[in-house]
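Novice: Show me how the following folds:
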Amino acid sequence: MHKPDLKRDQGADALGPRDAASREASPALPPGASDFLAEASQVLAASYGYEDTLVEVAGLALPYLSSWCIVDVVEPDGSPRRLGVVHPDPELQGHARRLKASWPPKRDDPLGVPHAIRTRRTDVISQVTDDMLVSVARSEENLGDLRALSIGSVVTVPLIAHDEVLGAITYVGAEAGQPFDAELIALAEALASRCAMALHKGRAESLAEEARATSAEMNEHLVVASLRDRDLAEAALRANEAKSRFLAAMSHEFRTPLSAIGTYSSLIGEVGEVTDRQRDYLRSIDVATQHLNGLLADILDLARLEAGEVEICSRPGSVTEPIDGAIAIVEADAAAAGLVLWRASPSAAPARYEGDADRVRQILLNLLSNAVHFTPRGGRVGVTWGTSATPGGEARLQGRGPWVFVTVQDTGPGIGPEEVAEIFQPFAQGKAGRAWAGVGTGLGLTISRELARRMNGNLTLRSVEGEGSSFTLWLPAAETD
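Specialist: All right, here's what the predicted structure looks like:
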């Protein structure tokens with residue numbers, strides 16, 4: 001649709017953009033305007049629904065300024081929104097209500113609040129032609145309502161507060177050439193200034209109320225979540241304690257029949273003649289009994305750790321002592337498996353740690369036993385140790401250090417990256433077929449890492465599938481004199 005240029009009064013354009021303070025300072029007000037402005041200020045100050053009050057106050061000015069008016073606001077995203085169309089004639093109010101619903105402002109409109117946003121100044125059009133109405137109408141119904149309400153001239157005053165255009169009030173004269181002189185424009189701008197401040201205050205209070213409501217809701221959710229988390233934590237703790245008690249009880253209960261099985265197996269071999277085949281069966285019974293006893297011992301250790309019943313003695317000691325003790329136990333198995341067992345320290349200085357010597361030996365024995373059992377014949381198993389001030393990031397150690405480390409490395413099958421994250425979980429044994437029959441319970445590494453952490457250290461793993469694995473025990477270094 002063709003949109004002809006809107007002819008605006010040069011005198012109005014010459015007013016230029018003016019902020020709220022300069023508008024209120026204008027001396028040219030019509031008679032009685034001061035009382036009206038005071039009444040408008042009181043209405044605005046007492047308002048709780050600032051948008052409805054804004055429309056009401058704009059309507060109060062109609063006897064002074066024009067026949068009817070349009071009130072628009074600017075949303076936080078910059079889009080215009082029509083608040084109301086006010087007409088004092090009851091017979092024409094149906095047109096006004098319909099116009100409010102079906103004639104929303106658009107960003108590129110040549111008049112009203114879109115124009116006020118762009119120019120930030122009072123805008124006067126002293127003669128509105130029918131062609132202008134056709135250009136701004138959205139539909140035939142719009143055009144009919146606009147014609148019915150009679151539009152001869154308009155003045156649009158922006159609502160500016162804190163240098164921000166918050167909206168506009170458009171006053172409409174029924175006849176072309178209706179005078180909007182300096183006094184009336186001054187009154188319109190003074191009222192607009194008060195409306196803009198009330199709108200700004202109302203929006204600020206609304207945002208503050210929303211923030212308070214959101215904060216209260218979030219606090220309520222946090223309280224509920226905190227209570228729920230506490231209940232879940234307590235339930236998990238009770239379940240864990242029950243599990244630990246069950247494991248401990250079952251371990252004790254299984255030991256008695258397992259001890260009887262081992263005893264009777266030995267007696268059968270001693271009280272009479274047995275064939276070689278029967279002796280093999282008895283040997284298998286002994287191996288299975290020992291394996292189950294080892295499994296029960298590990299389960300009992302894990303249950304006691306989780307229940308906090310394991311005592312850790314922290315004393316300074318030389319790391320070579322538990323290393324020598326663990327190596328002495330696995331030397332025979334390593335030789336029988338055709339493995340080279342070696343040890344070396346990169347430093348001649350003795351490495352002294354702070355921890356429990358029995359637990360350190362238990363950890364190293366578990367690591368060496370695993371390395372011996374999982375390394376194929378002809379492979380190598382080694383132990384290195386020393387002191388480091390800057391351990392690798394995967395160690396995740398608490399404290400400033402320095403740290404004593406003991407690394408057990410092998411040339412076994414290694415562990416794939418998808419298994420590294422799970423290897424310290426209970427009963428983890430790697431890929432199917434990798435564990436030897438009757439070897440390991442899947443709890444040794446879990447127990448070893450937990451013991452290391454109870455000594456303020458850690459147990460870490462580096463492995464390359466097909467090349468071997470390196471487990472490193474980290475412990476706090478003992479203070480030197």
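Novice: where along the stretch 201-350 of the chain do the helices fall?
Specialist: 276-306, 320-336 (DSSP state H, counting those that start in this stretch).
Novice: Figure out which of those is closest to Gly144.
Specialist: Closest approach to Gly144 among these is made by helix 276-306 (82.1 Å; C-beta to C-beta). The C-beta positions use only the backbone N, C-alpha and C, and glycine is treated the same way.
Novice: same for the closest one, what does it pack against?
Specialist: Applying 3 or more C-beta pairs under 8 Å, 6 or more residues apart in numbering; DSSP states H and E, one finds that helix 276-306 contacts helix 182-271, helix 444-454.
Novice: For Glu164, list the residues it contacts.
Specialist: Contacts for Glu164 (C-beta atoms under 8 Å, 6 or more residues apart in numbering) come out as His200.
Novice: partners of it in the sheet?
Specialist: Beta bridges link Glu164 to Ala161 when assigned by DSSP bridges.
Novice: Flag whichever of the helices and strands packed on helix 276-306 has the least confidence on average.
Specialist: Note on the helices and strands packed on helix 276-306: helix 182-271 shows the lowest mean pLDDT, a mean of 81.
Novice: tilt between that helix and helix 276-306?
Specialist: Counting by axes from the mean of the first three to the mean of the last three C-alpha atoms, to 10 degrees, helix 182-271 lies at 150 degrees to helix 276-306.
Novice: next one: helix 182-271 to chain centre, how far?
Specialist: Distance of helix 182-271 from the chain centroid (C-alpha atoms, centre = their mean, to the nearest Å) equals 13 Å.
Novice: The protein - how does it break down into domains?
Specialist: Here the domain parsing of the chain from automatic domain parsing is 10-208, 216-306, 315-476.
Novice: For the protein, name the helix or strand with the lowest mean pLDDT.
Specialist: Within the chain, judged by mean pLDDT, DSSP states H and E, the helix or strand with the poorest mean is helix 10-13; its value is a mean of 38.
Novice: Now do the contacts for Val157.
Specialist: If you count contacts by C-beta under 8 Å, 6+ apart, Val157 has them with 116, 122, 168-171, 185, 188-189, 191-192.
Novice: try 10 Å
Specialist: When the contact criterion is C-beta atoms under 10 Å, 6 or more residues apart in numbering, the partners of Val157 are 23, 58, 65, 69, 116, 121-124, 167-171, 185, 187-193, 195-196.
Novice: Pull the number of nearby residues for the closest residue to it other than its chain neighbours.
Specialist: Sequence neighbours aside, Ala192 is the residue nearest to Val157 in space, at 4.2 Å (criterion: C-beta to C-beta, 6 or more residues apart in numbering). Counted with other C-beta atoms under 10 Å, the neighbours of Ala192 add up to 27.
Novice: Please dump the helices of the stretch 201-350 of the chain into TSV; it should also carry distance to Ser266 and mean neighbour count for every row.
Specialist: Output for the helices of the stretch 201-350 of the chain, formatted as TSV (distance: least, C-beta to C-beta, whole Å; neighbours: other C-beta atoms under 10 Å):
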stretch	distance to Ser266	mean neighbour count
helix 276-306	8	16
helix 320-336	22	16
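Novice: any chance of these in CSV, with mean pLDDT and distance to Ile268 too?
Specialist: Shown next, in CSV, are the helices of the stretch 201-350 of the chain (pLDDT from 0 to 100; distance: least, C-beta to C-beta, whole Å):
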stretch, mean pLDDT, distance to Ile268
helix 276-306, 78, 6
helix 320-336, 92, 27
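Novice: Indicate which one of those helices is closest to Ile160.
Specialist: Comparing the helices of the stretch 201-350 of the chain against Ile160 with C-beta to C-beta, the closest turns out to be helix 276-306 (68.6 Å).
Novice: Next, the angle from that closest one to helix 444-454.
Specialist: Angle between the axes of helix 276-306 and helix 444-454 is 30 degrees (criterion: the same axes, to 10 degrees).
Novice: Phi, psi for the nearest residue to Pro88 once chain neighbours are set aside please.
Specialist: Distances taken as C-beta to C-beta, 6+ apart place Leu62 nearest to Pro88, at 5.6 Å, with adjacent residues excluded. Main-chain dihedrals, Leu62, degrees, to the nearest 10: phi -60, psi -40.
Novice: which residues does Leu62 contact?
Specialist: Counting by C-beta under 10 Å, 6+ apart, Leu62 makes contact with 68-69, 86-88, 171-172.
Novice: Near Ala421, how many other residues are there?
Specialist: Using other C-beta under 10 Å, Ala421 has 10 neighbouring residues.
Novice: what stretches of the stretch 51-200 of the chain score poorly on pLDDT?
Specialist: Scanning the stretch 51-200 of the chain with the threshold set as pLDDT under 70 gives 176-179.
Novice: So which residues of it form strands?
Specialist: Counting by DSSP state E, counting those that start in this stretch, the stretch 51-200 of the chain has strands at residues 68-74, 80-86, 123-125, 153-161, 164-173.
Novice: would you list these in CSV and tack on distance to Ile415?
Specialist: Converted to CSV, these look like this (distance: least, C-beta to C-beta, whole Å):
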stretch, distance to Ile415
strand 68-74, 64
strand 80-86, 64
strand 123-125, 78
strand 153-161, 68
strand 164-173, 63
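Novice: Which parts of the stretch 351-481 of the chain are helices?
Specialist: Ranges of helices in the stretch 351-481 of the chain, per DSSP H, counting those that start in this stretch, are 357-374, 417-420, 444-454.
Novice: Can you check my assumption that Val43 lies in a helix?
Specialist: Yes. If the criterion is DSSP: H, G, I helix; E, B strand; the rest coil, then Val43 is within a helix.
Novice: What sits closest to it if chain neighbours are left out?
Specialist: Distance criterion C-beta to C-beta, 6+ apart; nearest residue to Val43, sequence neighbours excluded, is Val57 at 5.6 Å.
Novice: how close does Ser318 get to Asp229?
Specialist: Ser318 sits at a distance of 45 Å from Asp229 (criterion: C-beta to C-beta, to the nearest Å).
Novice: which of those two has more neighbours?
Specialist: Using other C-beta under 10 Å as the criterion, Ser318 and Asp229 rank with Ser318 on top: 15 against 10.
Novice: Tell me who's in contact with the more buried one.
Specialist: So Ser318 contacts 324, 350-353, 357, 404, 478 (C-beta under 10 Å, 6+ apart).
Novice: let's see it at 7 Å
Specialist: By C-beta atoms under 7 Å, 6 or more residues apart in numbering, the contact set of Ser318 is 350, 352.
Novice: Check the gap between the closest residue to Arg380 other than its chain neighbours and Ile169 for me.
Specialist: Ranked by C-beta to C-beta, 6+ apart and with sequence neighbours excluded, the top spatial neighbour of Arg380 is Val340, at 4.5 Å. Separation of Val340 from Ile169 (C-beta to C-beta): 95 Å.
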